[in-house]
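> Everything below, folded, please.
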Amino acid sequence: MAFIIISCNADTKTVANIVVSESLDTISDEGLSDWELFIKHFPRKKSTVVRDYAGNVIKEQSLGVLNTKVTSVQQCADAAIRLRAEFFYSRKEYDKIKFKLTCGLEVPFSKWALGYRVKINGNNSL
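Next up, the predicted model:
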């Protein structure tokens with residue numbers, strides 16, 4: 001198993017260049033799904049050691065580079081959702097880009113591209 005670590009504004013972070021695990025690079029492309037190939041070949045940077053919450057060195061690690069604005073906050077789930085959306089976008093499969101909000105509302109990219117936006121009213125999304 002290999003970890004892909006995603007850091008916002010990677011160029012300005014101290015962990016901007018993470019050591020890329022050799023095992024990730026030695027995995028054959030044969031038999032991998034399109035999604036797995038997309039993740040495997042996602043742009044990575046090399047650098048220092050990454051440690052887990054207990055301070056142990058994570059043996060297999062990579063840093064995926066996602067450019068975001070300094071004022072934009074993307075948490076772990078946001079980054080994973082964004083990667084999946086970028087995968088479909090790169091394949092021009094725009095109809096597959098959609099998100100379900102916690103209230104159950106499904107938000108398709110096609111509507112967003114037309115200018116529609118979700119409006120938050122208290123605990124309701126419109």
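> just the helices in this protein please.
22-26, 34-40, 76-90, 109-113 (DSSP state H).
> Throw those helices into a markdown table and include mean neighbour count and mean pLDDT, thanks.
All C-beta spots, glycine's among them, are computed from the backbone N, C-alpha and C. Converted to a markdown table, the helices of the chain look like this (neighbours: other C-beta atoms under 10 Å; pLDDT from 0 to 100):
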| stretch | mean neighbour count | mean pLDDT |
| --- | --- | --- |
| helix 22-26 | 11 | 58 |
| helix 34-40 | 14 | 81 |
| helix 76-90 | 14 | 84 |
| helix 109-113 | 13 | 92 |
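> Relative to Arg51, which of those helices is closest?
Ranking these by distance to Arg51, with C-beta to C-beta as the measure, places helix 76-90 first at 16.8 Å.
> any low-confidence regions in this protein?
1-26, 44-50, 59-76, 125-126 (pLDDT under 70).
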